[in-house]
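[1] build me a model:
(2 chains)
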Amino acid sequence: DIVMTQSPLSLPVTPGESASISCRSSQSLLKSYGHNFLHWYLQRPGQSPQLLIYLGSNRASGVPDRFSGGGSGTDFTLSISRVEAEDVGVYYCMQTLQTPLTFGGGTRVEIK
Amino acid sequence: QVELVESGGGVVQPGRSLRLSCAASGFTFSSYGIHWVRQAPGKGLEWLTYISYDGTIEHYADSVTGRFTTSRDNSKKTVYLQINSLRIEDTGVYFCAKDRDAAMDVDYWGQGTLVSVSS
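    Predicted structure coming up:
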């Protein structure tokens, strides 16, 4: 199984500042045609998860451009510029290169 | 708009069975695969199962293989999760979620149904 490791576990941020979350996979998520099968989700308190970034760097519909995804192979980053109060919650990375699909353990973003 | 509504959760004793349902609307149901994902209380997300758009392909997490079965009825726009031999550790919120495309990432999630396994 592919193991997904996120860091940090918790991330206090000041509104207006930037934040970044790391996700590492135990094997490369890059397919031969250039897509990384790595996706990012945000689960706000009391809500279902929502898709933020798919295939490593593509923003999902309706996601503000403050969110960006980068990286390739085994190392990925979710960046949030100009953090807002609505960005609080738990962020998860997920790989869909192979089954069983696996999630990272989550990074809790909170406002300072 | 896309909507996924789970039902069938509740309080159940260990060893019993339960069938969860996921009713879909707002998209061409027969064109998309559906996942089930679980979240234990206060914990992270755990992928459980996937069924392809036509029901011919199923995938399962090792932790549930042999006890969980996913199926779908495209005429009813519904996916099912049959859970047998329930264990305490099966307690959690069960989400169904829709494929975005062939990459198997999920773009829409239901609100979840809570399963509580307790004697």
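[2] what residues does residue A:8 make contact with?
    If you count contacts by Cβ atoms under 8 Å, 6 or more residues apart in numbering or on different chains, residue A:8 has them with A:21, A:22, A:107. Where you see a C-beta, it was placed from the backbone N, CA and C, and this is true even at glycine.
[3] pLDDT score for the most centrally placed residue in chain B?
    Centrality entry for chain B: nearest residue to the mean C-alpha point is residue B:36, 3.0 Å, by Cα atoms, centre = their mean. Here the pLDDT value assigned to residue B:36 is 98.
[4] report the beta-bridge partners for it.
    residue B:49, residue B:96 (DSSP bridges).
[5] quick check: it vs residue B:19, distance?
    12 Å (Cβ to Cβ, to the nearest Å).
[6] now the common contact residues for these two.
    residue B:81.
[7] how about the residues of chain A that lie near chain B?
    Contacts of chain A with chain B, taken as Cβ under 8 Å from any Cβ of the partner chain, map to A:1, A:35, A:37, A:39, A:41, A:43, A:48-51, A:54-55, A:60, A:90, A:92, A:94, A:96, A:99-106.
[8] let's see 10 Å
    A:1, A:6, A:31, A:35-41, A:43, A:47-51, A:53-55, A:58, A:60-61, A:90, A:92, A:94-106 (Cβ under 10 Å from any Cβ of the partner chain).
[9] so which bits of chain B are right by chain A?
    With Cβ under 10 Å from any Cβ as the criterion, chain B comes near chain A at residues B:4, B:35, B:37, B:39, B:43-50, B:57-65, B:93, B:95, B:97, B:99-112.
[10] what subset of these is buried?
    Taking 16 or more other Cβ atoms under 10 Å in any protein chain shown as the criterion, what is buried in the residues of chain B next to chain A is B:4, B:35, B:37, B:39, B:45-50, B:58-61, B:64, B:93, B:95, B:97, B:99-100, B:103-110, B:112.
[11] show me the residues you listed that map onto strands.
    Applying DSSP state E to those, the entries found in strands are B:4, B:35, B:37, B:39, B:45-50, B:58-60, B:93, B:95, B:97, B:99, B:106-109.
[12] count the residues that sit near residue 20.
    Picking chain A for this. By other Cβ atoms under 10 Å in any protein chain shown, the residues close to residue A:20 number 14.
[13] looking at chain B here, not the other one
    Neighbour count of residue B:20, defined by other Cβ under 10 Å: 21.
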